[in-house]
Every structure is written in structure tokens, then in C-alpha cells.
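Build me a model from this:
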Amino acid sequence: MAAIEIYDTTLRDGTQAEDIAFTLEDKIRIAHLLDEMEFHYIEGGYPGSNPKDALFFEEVRKKPLKFSKVASFGMTRRVGGQVESDPIINSLLSAETEVVTVVGKSWDLHVRDALRTDPEENLRAIFESLEYLKKRGRMVIYDAEHLFDGYRANPEYCLKTLKAAADAGADRIVLCDTNGGSLPSFVSTVVKIVKEAVDVPIGIHTHNDSELAVANTLAAVEVAAVHVQGTINGYGERCGNANLVSIIPDLVLKMGHEAIPRKHLKRLRELTRFVNELANMPDNKRQAFVGESAFAHKGGMHVSAVVRNPETYEHIDPELVGNHRRVLVSDLSGRSNILYKAQEFGIDIDSRDPLVMEIL
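The predicted structure is shown next:
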């Protein structure tokens, strides 16, 4: 199966979540752990928006990453302005990253109501911004903001924005479900259409406002996407971004793709907890794959079956993602729960021992 690029934006998009704030040292530590796990890209921040993000790029150069490529993030030039003198574009160059990610408008509603300009000026801003950065030796990733809403509203203009990015030399075109309202079937349909319209590798960037960010990401990969953006633990604005801690094992274990090396899947639980700790956020015990409850068994019938064959109630071996099986004891327990817990604590007890029935 095709190799899928993993692009982490925890340090930029993830910090837009309510209650999330990382210090500069936090961001450096997270970047180095992601590098150890061989994430392909790490978006370090938006150097044109605040001094801390600009400083991150200075600090990360002092101890270069071994595998991951650091990306700086910005937007297309200002409406009516000159790209050469645009402060955001120049902040991307000042960050001195090999990769730059530029977001631009795909939805004519945003062109009219947010940028307050005409459609042609938006196309010029996309083309000129990306071309300028390409000519200065950068790998350019174009994030097509509100792509799916834009296509729904005005498919012809939406595709024109992508063609402007492709003509300017974009290395990746990333389709963004910025409002998080699309369904997987629609995502699949649009990704197929875009794949036919532009000859550039396609990426996907989804938000979780409809609880579908992971599903929409996988739907895009199934049809054409080879580049996946998301955050650790799904941190992000409003309801969050696509959760890479779920997407990565889905890609590798369920879909057979290469993403991060399989050996690093065992560190996903560690990564989840490390980022939560730095963010001062509690661990989500019910988080898929890595949560404390992800492989917890309570009902007696379930435990009895899992003891005989774990596949009966576990979709993967928990150790593949650094997790472990847990058996709980409650009023729902059966004999197998008691025997399992006894063995766990090193207590030798026979299944026919009257004590087992007394406990039950």
C-alpha cells in the first residue's frame, strides 16, 4: 500500500484549542519526541502571529531534528498588496524552514465576506504567494481552507483556486474541512474530483465538529490522499482536529499503509500522555487505542471469552500501541474476572474454590 505522510500541527493548530497553551520549552520537547517517532512533518507555529512561535524556529535550529521536517505556517499575501513586502510571507522566509505551509481561501463566501475582495484578486494572491516562496527554494504545502464548503457552494471557483496553487508550483495541496461539517461520502467524492483536476499530491486536514474528523481523513486516504494532517489527542479549535493517535494505527494496522514506522506504534500511548502532561490536561481514559479503558473488560461473559481468545472482544493486540488489557471486578463479574485478577496479583486460586463463588 502507498506510504502516507504524517503532518503534525499540534504546535500550531492544536494550541488554538480552548485550555491549551504550551511554553516554548514544551513545544521543543514535543517536536523532539515526534522526531524520535519519525513523523514526516512538524508544523512549529505561525511566525507572523506571535513572538513565541517566531522564537521556536530559532531554538529548534540549535538542536536540529534527525528525521522530521519542520514547517512554518502562514497565509497568502494581503489583498491588494505586494508579495515582496508582505509581512506574513517574509516571516515564513525568516523562519528559515525547508517547508512552508500557506493557507488560502477556497470558498467564495470567505473571499467576499472575510477578505472583502473579488474572486480574481484571491486567485492572484494564491498564485503570487506560492510562486514567490517556491522561487526561494521552499517546499510549499498549500492548505485549501474551507475546501469542502467551497466546493459545495461554487465548485467551479473552488477548483480554480486549486489550479492557481498547482500552477504556482505547490508541492502538496491539502483539502481542509475547516468547519468540520462534511460527511465521509462527500469527502470521498470531492477528493476524487480534485485528484482528476490537479496533478499534485493531495492531502487532507479535517476538524471534528461533527465527530467525523478521523473518519473523513480515512475516507480521503481510501480514494487519493497521501498526506494527512492532524494533532496529538485531537487538540484543536472548537471540537478539535483529526486525532493522529487514532489515525496512525488505523492507517498502519487496519489499512496496511506505511506511515510512521510500525515499531514506533508502541510509543503512541507514551506520546498521548506526554502531550497531555505538558498541556496540563487529564488523560482521556476512553480514548481509542491508548486510553486506560480502551482494552478494559468488565462483563463476565466478555472476560471469559477474552481469556480464551483475545480477538473475541479486542480489535487489536493492545501492546501494538503501547497499551495493555485490564479486567475489572464489579457486580457484573463472572468467575473469569476473579481468576484473572487473582493471577494478576500472584494469588494461586482454583476455579472450583468455594471462595470464588463467595466473592461472586
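
what about stretch 63-80, start to end distance?
Stretch 63-80 has an end-to-end distance of 39 Å (criterion: C-alpha to C-alpha, to the nearest Å).

How about the contacts made by Asp171?
Contacts for Asp171 (C-beta atoms under 8 Å, 6 or more residues apart in numbering) come out as Met139, Val140, Ile141, Val200, Pro201. C-beta here means a position set from N, CA and C on the backbone, and glycine is covered the same way.

can you pick the most crowded of these?
Neighbours here mean other C-beta atoms under 10 Å. Within these, the largest count is held by Ile141, at 28 neighbours.

how about the helix ranked longest in the chain: buried residues?
Longest helix in the chain, counting residues (DSSP state H): helix 119-135. Neighbour counts over helix 119-135 (16 or more other C-beta atoms under 10 Å) mark 119, 122-134 as buried.

how about those in TSV, adding pLDDT and distance to Asp19?
Below are those laid out as TSV (pLDDT from 0 to 100; distance: C-beta to C-beta, whole Å):
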residue	pLDDT	distance to Asp19
Pro119	96	38
Asn122	97	34
Leu123	98	38
Arg124	97	39
Ala125	97	34
Ile126	98	34
Phe127	98	38
Glu128	98	38
Ser129	98	33
Leu130	98	34
Glu131	98	39
Tyr132	98	37
Leu133	98	33
Lys134	98	38
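
Name the member of those with the shortest distance to Ala95.
If you rank the buried residues of helix 119-135 by distance to Ala95 using C-beta to C-beta, Leu133 comes first, at 11.3 Å.

Distance of that closest one relative to Ser49?
Distance check for Leu133 against Ser49: by C-beta to C-beta, to the nearest Å, it reads 17 Å.

Please enumerate residues in contact with the longest helix of the chain?
Residues from elsewhere that reach helix 119-135 (C-beta under 8 Å, 6+ apart): 76-80, 83-84, 86, 89, 92-93, 100, 102, 104-105, 108, 111, 115, 140, 142, 157, 160-161, 164-165, 167-170.

Among those, name the ones in strands.
Val100, Val102, Gly104, Lys105, Val140, Tyr142 (DSSP state E).

Which two among those are spaced furthest apart?
Val100 and Lys105 (17.5 Å).

which one of the ones in strands among the contacts of helix 119-135 has the most neighbours?
Across the ones in strands among the contacts of helix 119-135, neighbour numbers were computed from other C-beta under 10 Å; Tyr142 holds the maximum, 29 neighbours.

So that one is in contact with Ala165, correct?
Yes - here Tyr142 reaches Ala165: they are 4.2 Å apart, a contact under C-beta atoms under 8 Å.

Give me the below-cutoff pLDDT ranges for the stretch 51-200 of the chain.
Scanning the stretch 51-200 of the chain for pLDDT under 70 picks out no residues.

can you check the stretch 251-360 of the chain too?
Ranges of the stretch 251-360 of the chain meeting pLDDT under 70: 299-300, 304, 328-360.

what domains does the record give for the chain?
Residue ranges for the domains of the chain, per automatic domain parsing: 5-279, 296-359.

now for these, which one comes closest to Val290?
Among those, domain 5-279 comes nearest to Val290, with 4.2 Å by C-beta to C-beta.

So what's the gap between the closest one and the chain middle?
Distance of domain 5-279 from its chain centroid, counting by C-alpha atoms, centre = their mean, to the nearest Å, is 9 Å.

Give me the distance between the two termini of it.
This stretch, domain 5-279, spans 25 Å end to end (C-alpha to C-alpha).

What are the buried residues along stretch 253-270?
Under 16+ other C-beta under 10 Å, the buried positions of stretch 253-270 are Leu253, Met255, His257, Ala259, Ile260, His264, Leu265, Arg267, Leu268, Arg269.

need the contact list for the residue lying closest to the first one once chain neighbours are set aside.
If I follow you right, that is Leu253. Of all residues beyond its chain neighbours, the one nearest Leu253 is Ile316 (5.8 Å), with distances taken as C-beta to C-beta, 6 or more residues apart in numbering. Contacts for Ile316 (C-beta under 8 Å, 6+ apart) come out as Pro249, Leu253, Phe289.

Likewise for Gly180?
Taking C-beta under 8 Å, 6+ apart, we find Gly180 in contact with Thr206, His207, Asn208, Asp209, Ser210, Leu212, Ala213, Arg238, Cys239.

Let me have those in JSON lines, adding secondary structure, distance to Glu58 and pLDDT as columns.
Shown next, in JSON lines, are the contacts of Gly180 (DSSP: H, G, I helix; E, B strand; the rest coil; distance: C-beta to C-beta, whole Å; pLDDT from 0 to 100):
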{"residue": "Thr206", "secondary structure": "strand", "distance to Glu58": "31", "pLDDT": "98"}
{"residue": "His207", "secondary structure": "strand", "distance to Glu58": "30", "pLDDT": "98"}
{"residue": "Asn208", "secondary structure": "coil", "distance to Glu58": "32", "pLDDT": "98"}
{"residue": "Asp209", "secondary structure": "coil", "distance to Glu58": "35", "pLDDT": "98"}
{"residue": "Ser210", "secondary structure": "coil", "distance to Glu58": "39", "pLDDT": "98"}
{"residue": "Leu212", "secondary structure": "coil", "distance to Glu58": "38", "pLDDT": "98"}
{"residue": "Ala213", "secondary structure": "helix", "distance to Glu58": "32", "pLDDT": "98"}
{"residue": "Arg238", "secondary structure": "coil", "distance to Glu58": "31", "pLDDT": "97"}
{"residue": "Cys239", "secondary structure": "coil", "distance to Glu58": "33", "pLDDT": "98"}
